[in-house]
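Novice: quick one, structure for this:
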Amino acid sequence: MRYGNNGYARGYGRDGAHRVLADMAGAGLLDRDVVLSALSAYDISPAAQLVISSLIDKVAPLLSHR
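Specialist: Numbering: from 1, shown residues only. As a prediction, this is how the structure comes out:
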């Protein structure tokens with residue numbers, strides 16, 4: 001899910017992250033805690049983690065109600 005700039009700006013970064021998250025959700029492998037923990041381990045900023053959390057809400061709405 002790492003696309004270089006790690007800011008997940010609109011366009012390429014966010015589109016790529018959305019595609020990966022959707023693929024993970026489709027395969028039953030998307031776990032919010034695991035994804036956000038991995039991003040933290042890669043030293044991704046809290047703001048970027050919020051972007052990814054928002055994308056997770058869009059691709060797998062049921063996960064947001066755990």
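
Novice: what helices or strands is the worst-scoring helix or strand of the chain on mean pLDDT leaning on?
Specialist: Here the helix or strand of the chain ranked lowest by mean pLDDT, DSSP states H and E is helix 12-26, holding a mean of 88. Here helix 12-26 touches helix 46-59, going by 3 or more C-beta pairs under 8 Å, 6 or more residues apart in numbering; DSSP states H and E. Heads up, the C-betas are built off the backbone N, CA and C, glycines and all.

Novice: that older thread, tell me the buried residues in the least confident helix or strand of the chain?
Specialist: For helix 12-26, the neighbour count (16 or more other C-beta atoms under 10 Å) marks 13, 14, 17, 18, 20, 21, 22, 24, 25 as buried.

Novice: can these go into CSV with extra columns for distance to residue 37?
Specialist: Compiled in CSV, these are given as follows (distance: C-beta to C-beta, whole Å):
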residue, distance to residue 37
13, 20
14, 20
17, 16
18, 19
20, 16
21, 15
22, 20
24, 14
25, 17
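
Novice: show me the shaky parts of the chain.
Specialist: 1-9, 62-66 (pLDDT under 70).
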